[in-house]
Structure formats: C-alpha cells, structure tokens
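**Student:** Here is the input, now give the coordinates:
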Amino acid sequence: MSVGGARFVAMEQRSDRFHVQINVGDDVVEMRASGEVDIATVSVLRAALWAAPARPLLRLDVSGVRLLSAAGVRALVAAHRRVRARGGELVLVDPTPTVARVLHVTGLSRVIPVRACAAAGPLAAAPVALEPAASVTAASAGAAPALLALPPGLLAPLVTERGTAPLVPA
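**Tutor:** All right, here's what the predicted structure looks like:
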C-alpha cells in the first residue's frame, strides 16, 4: 500500500487479550497496541517489537492498552535499547491514564518519549504531562534516569503475587 508517496506494509500480532497492528513505512514503523500487557501476553508485544524492521522511528500507540505490568515495562525497556542501538527512536503515543501512571512511577517516561497525538496531527505534538505521584519521592525521582541501567529483577516490586496488577492509585 502507498500513502502520500510512502510505502506501508501491514502486519499483525494477536492473543486472546492483547493485539498489535503494525504498519511499516519507509521512515517509520507505526504500531497500535490494545488490550492487557501482562506476563501471559507480553510475548505478543515482544514479538511485534522485535519483528519491526529498522527505521528511524518506531511509534507505539498505547491508547488501547488497559494494563501494563512489569513484564510490559521490561519489554519496552528492551525495545528502547534495541531501537537506539540501531540508530532509531521509540516513541509511545497516547497512553491511557493507567499506562501513563506506570510510565511515570517507573521513570520510563523520562527515558522513552511519550507524546499526545491527535488522530490527524503530527507526532510532534507536545509531550504528555504526567502528574507527579504522591508516592514518588524526590530521591526516587532523581534516580529515574538510571532505570535502564538497573537489572530486570529490580522492577520486581511492580509485580504483585499474581504478576499482573498495574500501578494505579489506591
């Protein structure tokens, strides 16, 4: 398919509770995720992120994601590292309030660009303003940029005994 001179190829990854649509263009890979990202479905997200060909921009629309567990956070960190190593950039678009909270609390929103993007507007829209969480102290907020240097085991506090609960205000 060709849109405005750019070629797009559509692909899809799916499970019962999670779905990713992938459109590949000349300069951008656009993904739209919907459903729940937890220990049972993270392999679908990971497979979609790894299937994306190298492009300058990997845009992941998370407006349809209702839950993002620690397994999903680790998948995003790994994808960010992989895309950066290939000279590209991963950008998260339109997070739901639940996902925005997880991105803020984990510090991932300081590492991976998060954008609010109107359906017809360019990606260059203003970054999403995330409200500071009462449970995040100045000391932990200052340590957030080091998130990518942390071993995956340190993200374990994000997981409950079931391994799937999102971080939302109580």
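
**Student:** where does this structure have low pLDDT?
**Tutor:** 1-15, 118-170 (pLDDT under 70).

**Student:** Just the helices from it, written as ranges.
**Tutor:** For the chain, the helices defined by DSSP state H cover 42-51, 70-85, 97-106, 138-143.

**Student:** Give me the contact list for the longest strand seen in the chain.
**Tutor:** Ranked by residue count and defined by DSSP state E, the top strand of the chain is strand 57-68. Identification of contacts with strand 57-68 by C-beta atoms under 8 Å, 6 or more residues apart in numbering yields 27-38, 49, 52, 79, 83, 88-96, 98-99, 102-103, 117, 123, 164, 166. (C-beta placed from N, C-alpha, C; glycine too.)

**Student:** How about Glu89, nearest residue that isn't a chain neighbour?
**Tutor:** Leu57 (5.7 Å; C-beta to C-beta, 6 or more residues apart in numbering).

**Student:** and that neighbour, how far is that from Glu30?
**Tutor:** 9 Å (C-beta to C-beta, to the nearest Å).

**Student:** So for the two, which residue has more residues nearby?
**Tutor:** Using other C-beta atoms under 10 Å as the criterion, Leu57 and Glu30 rank with Glu30 on top: 20 against 15.

**Student:** tell me the contacts of that one?
**Tutor:** Shown in contact with Glu30 (C-beta under 8 Å, 6+ apart): Ile22, Asn23, Arg59, Asp61.

**Student:** Please list all residues in contact with the closest residue to Val91 other than its chain neighbours.
**Tutor:** Closest residue to Val91 apart from its sequence neighbours, by C-beta to C-beta, 6+ apart: Pro113 at 4.7 Å. Contacts for Pro113 (C-beta under 8 Å, 6+ apart) come out as Glu89, Leu90, Val91, Leu92, Pro127.

**Student:** Would you mind listing which of those are buried?
**Tutor:** Leu90, Val91, Leu92 (16 or more other C-beta atoms under 10 Å).

**Student:** Check the spacing between the residue nearest to the last one when sequence neighbours are not counted and Thr98 real quick.
**Tutor:** Across the structure, with C-beta to C-beta, 6+ apart as the measure, the residue nearest Leu92 apart from its sequence neighbours is Val114 (4.8 Å). Spatial separation of Val114 from Thr98 under the definition C-beta to C-beta is 14 Å.

**Student:** Then Val65?
**Tutor:** For Val65, the distance to Thr98 equals 8 Å [C-beta to C-beta].

**Student:** higher neighbour count, those two?
**Tutor:** A count of neighbours by other C-beta under 10 Å puts Val65 above the other of Val65 and Thr98, at 26 against 16.

**Student:** distance of the more buried one from Gly72?
**Tutor:** For Val65, the distance to Gly72 - C-beta to C-beta - is 8 Å.
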